[in-house]
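Structure for the following, please:
(one chain, ligands or ions: 1)
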Amino acid sequence: MGLIKSKWGWVCVWVAMVNLMTAQVSEATGGYGLWLDYRQVARPELLEHYRESLGSVWMPANRATIGVGRKELLAGLDALLGGGVQEVMDPDKAALLVARWDELPPGITEQTSWEPIGPEGFLIKEIKTDTGSRTVLTATEDIGILYGVFRLLRELQTNRELDGLHIADFPRIALRMLNHWDNLDRTVERGYAGFSIWNWHTLPGYIDPRYRDYARANASIGINGTVLTNVNANAQALTPAFLKKVQALADLFRPYGIKVYLTARFSAPMELGGLDTADPLDPRVEAWWQGKAREIYGLIPDFGGLLVKANSEGQPGPQNYGRTHLEGANMLARALEPFGGLVIWRAFVYSEADPTDRAKQAFTEFVPFNGEFHPNVRLQVKNGPIDFQPREPIHPLFGAMPDTPMLVEFQITKEYLGFATHLAYLPKLFEEALDTNTHWGQGLTLGAIAEGAPTGKRAGGLAGVSNIGTDLNWTGHPFGQADWYGFGRLAWNPSLSSRDIGEEWVRMTIGNDPQVLGPLLEIMLRSREAVVHYMMPLGLHHLFDTGHHYGPGPWVSDLSRPEWNPVYYHQADSLSIGFDRTATGSNALSQYAPGFARTYSDPETCPEEYLLWFHHLPWDFRMPSGHTLWEALGLKYQEGVDAVRGMLRTWEGLEGSLPKGLYQDVGMRLQIQLKEAIWWKDACMAYFQSHSRLPYPEGMEPPLHSLDYYMSLEFPNAPGIRPRWD
Ligand code: GCW
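Predicted structure coming up:
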């Protein structure tokens, strides 16, 4: 920080962090800078315009969140404008005024008509004053100022015009959260980007700079909650020693508007409290949780709450004691209620003892509890009824529990879409689910439910299973950053388009050159559909190999839990394939609203991308295209492989236009993606042909190897599953 004399009197010149000015910045930082790697605006005329409009800043308050915002704004402006940004003490001498509405100079508020933007919203507006036009960034709360700072910088990063600037924005969804399936030993369940960034061993003493950059990145997209530990929970996370470590992160994240949450292992009263039961109706158990709540809030007054996976995939829960999810959730809710904490209870439940269609079980378990949960309970429901497949219909619980606030849970980490090796731009998947109408009420989409409808309260949320790890670029695949970014932007506003979000991310992270932007968007926007086609086309699902879920395993049928076997889902035989979920089968369709079910109940009119999700059909079923189902299946697999070939060709056309490291990194991953897409096509079609006995369709490249070869492949060290030493 230095002081210089200028025509406006003494000003302090913000000596910003040295920012790399070249487009190679993501090269220099290896992607560590994410979408916040501010670099000088390339277009001279825009640069001049920005300097005039924003070159002097008045931002007087110095509370914690404002301080974070000031640092970000001045460093960002200095990098984007190529230096010379001045912070002035006199508002009359500032081109840009940044202050809460109640702290703006009277002369300014008269010029700025207020708009309803709520406690987290912000207003950025160009106003005309007698001394020329100024830009005002204001909000009712400090966090709104911080969100507004990131938005203003994004306007410059994406080369937007400032003339007539008028942005009034606010988050539509109350809870915008990341869920880290991070284990306390720093392994990450379904993580493909290195280890957990939470170094529990050195916390609370050692504050890794990465924690602050994590908070910056998440605040820049409006994330306001993070669950630090795996839903396959470890009770140790609730011990006094760990809570001290969590407190350090909570203190660091607080100015960024991010609350911390933890996962609660339901048996903790036994493992930590020495009780002989975890029965939620046992007064000793409730007392234990009440004491734990007091302990947590004594350290972290604004602790967000507890996320619970109970009686699911072996996790302990109330049903171990003959109690219900409702009784378990409400007991925890009573413990947290005095502190304003939330209990987020996951609806991802299915039983190995229940022979009914796995896709129906959560609905059956939870719908009877509608409206019975404590006001501070939220139900967290995966977007689809099975398990984060490349494509699923929406979960039938959405809209079926109108008096129960819900969070929609997405997976940002690509457990089923190619790990951190395949490029699959997930905001396309998120957008498809969020825009889907449940038909339980006018316009009741998943996006509306995440916003809080139809409970009438703003108590919804969006939860994303994080793809973040210790890899230098945070996400392994460079384009995994776009999935994290896009999740955050959709949590801020579920009506945004995945295309617009993708364009923002490319412009901020790679650059504004239209020769690059167009082709990159083309690759991103077709990539998720490509994965669906080369892995599980036409509504097929859950065909992956056991445990690690790496690669195809449609032949798997020997697992103890029937609903873990791929053959349970495709039900292929010599005559037919698919899962009948209509009235002639499991009747899972009956759990949806009639208006929704109508679309899918008739195989003749069912959208083909859901055909084998809802129907079991003969190989010679005639598709609208005129092909038989068998032919269509092979051609879809081929279409997926050809789509990756197209992505690769487009990428190769960008050689020389992208930072060399990025070009090579993604190029190698696309080569692997093509090889694995061919592997998926070949293994699945070879297996299905062993049932249909039909010749491969014209236009489909025949498998490169025998079915026995594909069945022989084993990957004991595939990433993302916790070493099974316990
Ligand atoms: O997709 C499955 C994963 C498990 C995960 C589980 C869940 C954390 O294979 O690794 O466990 O879902 O959502 O709880």
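
Show me where the stretch 201-350 of the chain has its helices.
For the stretch 201-350 of the chain, the helices defined by DSSP state H, counting those that start in this stretch occupy 209-220, 240-253, 268-271, 283-299, 325-336.

Could you tell me how far the third one lies from the centre of the chain?
Centre-to-centre, helix 268-271 and its host chain are 31 Å apart (CA atoms, centre = their mean, to the nearest Å).

tell me the mean pLDDT over that helix?
What helix 268-271 shows for mean pLDDT is 98.

what's in contact with it?
Under the criterion CB atoms under 8 Å, 6 or more residues apart in numbering, residues A235, L238, R265, L275, D276, T277, A278, R284, V285, W288, W289, K292 lie in contact with helix 268-271. Placement of C-beta: from N, CA and C, glycine included.

CA-only coordinates of it in PDB, if you can.
Only the C-alpha atoms of helix 268-271 are listed here, as PDB (Å, rounded to 0.1, in the frame of the first residue of the first chain):
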ATOM      1  CA  ALA A 268     -21.800 -41.600  17.600                       C
ATOM      2  CA  PRO A 269     -23.500 -41.700  21.100                       C
ATOM      3  CA  MET A 270     -22.200 -45.300  21.300                       C
ATOM      4  CA  GLU A 271     -18.800 -44.800  19.700                       C
END
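
any idea which of the helices of the stretch 201-350 of the chain is most buried?
A comparison of the helices of the stretch 201-350 of the chain by mean neighbour count, using mean count of other CB atoms under 10 Å, puts helix 325-336 on top with a mean of 23.

Not counting it itself, show me its contacts.
Contacts to helix 325-336, defined as CB under 8 Å, 6+ apart, come from residues 264, 266, 280-281, 285-286, 289-290, 292-293, 305-306, 308, 310-311, 317-319, 342-343, 345, 349, 365-366, 369, 372-377.

just to revisit the earlier point, now flag whichever of the contacts of helix 268-271 is closest to G553.
R265 (30.4 Å; CB to CB).

tell me the contacts of the closest one?
For R265, the contacting residues are A233, N234, A235, A237, L238, E271, Q315, P316, by CB under 8 Å, 6+ apart.

Reformat the residues you listed as JSON lines; add distance to the ligand.
Formatted as JSON lines, these follow (distance: CB to the nearest ligand atom, whole Å):
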{"residue": "A233", "distance to the ligand": "9"}
{"residue": "N234", "distance to the ligand": "12"}
{"residue": "A235", "distance to the ligand": "16"}
{"residue": "A237", "distance to the ligand": "14"}
{"residue": "L238", "distance to the ligand": "18"}
{"residue": "E271", "distance to the ligand": "19"}
{"residue": "Q315", "distance to the ligand": "8"}
{"residue": "P316", "distance to the ligand": "14"}
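
Can I have the buried ones of those residues as a PyMOL selection?
Selecting only the buried entries of these in PyMOL, with 16 or more other CB atoms under 10 Å as the criterion:
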select buried, resi 233+234+235+237+238+271+315+316
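
doesn't W679 make contact with P703?
No: with contact defined as CB atoms under 8 Å, P703 does not count as touching W679 (9.3 Å).

what sits in contact with each of those two?
The contact sets of P703 and W679 overlap at Y710 (CB under 8 Å, 6+ apart).

Next, see if stretch 245-265 gets close to the ligand.
No: using CB under 6 Å from any ligand atom, stretch 245-265 never reaches the ligand; the gap is at least 9.6 Å.

How about the stretch 601-726 of the chain: which residue is closest to the ligand?
I721 (7.3 Å; CB to the nearest ligand atom).

Name the helix or strand for that residue, please.
For I721, there is no host helix or strand (DSSP states H and E).

Now do it: how many residues are near it, please.
Applying other CB atoms under 10 Å, we find 16 residues neighbouring I721.

Quick one: residues contacting it.
E189, R190, G547, H548.

if we go to 10 Å?
T187, E189, R190, G191, E415, G547, H548, H549, Y550 (CB atoms under 10 Å, 6 or more residues apart in numbering).

can you pull the contacts of the spatially closest residue to the second one that is not a sequence neighbour?
Nearest residue to E189 in three dimensions, chain neighbours excluded: W181, at 4.1 Å (CB to CB, 6 or more residues apart in numbering). For W181, the set of contacting residues under the criterion of CB under 10 Å, 6+ apart consists of 187-191, 196, 227, 229-232, 263, 411, 413, 415, 465-466, 720, 722.

Can I take it that M647 is in a helix?
Yes: under DSSP: H, G, I helix; E, B strand; the rest coil, M647 sits within a helix.

can I assume it is in contact with L674?
Yes: M647 lies in contact with L674 (CB atoms under 10 Å); the separation is 8.4 Å.

Of the two, give the one with the bigger neighbour count.
Shown here are M647 and L674; by other CB under 10 Å, M647 has more neighbours (23 against 19).

which SS state does the nearest residue to the more buried one once chain neighbours are set aside fall under?
Closest residue in space to M647, ignoring its immediate chain neighbours: I523 at 4.8 Å, by CB to CB, 6+ apart. Look at I523: counting by three-state DSSP, its state is helix.

i'd like the first residue to be 660 from this point on
Fine by me, first position is 660 from now on; the one you just mentioned is I1182.

which residues sit in contact with I1182?
1082, 1084, 1138, 1161, 1189, 1302-1303, 1305-1310, 1313, 1325, 1329.

which one of the helices of the stretch 860-1009 of the chain lies closest to E1357?
Of all the helices of the stretch 860-1009 of the chain, helix 868-879 sits nearest to E1357, with 48.9 Å by CB to CB.

quick check, distance from the closest one to the centre of its chain.
16 Å.

cool, and stretch 1156-1168?
That offset, for stretch 1156-1168, works out to 15 Å (CA atoms, centre = their mean).

Next: stretch 959-970.
Distance, stretch centre to chain centre, for stretch 959-970: 19 Å (CA atoms, centre = their mean).

What of stretch 1011-1029?
How far stretch 1011-1029 lies from its chain's middle: 26 Å, per CA atoms, centre = their mean.

Next up, phi/psi of E1051, please.
The phi/psi pair for E1051 (degrees, to the nearest 10) reads phi -140, psi 150.

For it, which non-adjacent residue is spatially closest?
Closest to E1051 by CB to CB, 6+ apart is G1043, at 2.5 Å.

can you count the residues close to that neighbour?
The number of residues near G1043, taken as other CB under 10 Å, comes to 21.

Could you do the one 4 residues further on as well?
As a burial measure, F1047 scores 22 neighbours (other CB under 10 Å).
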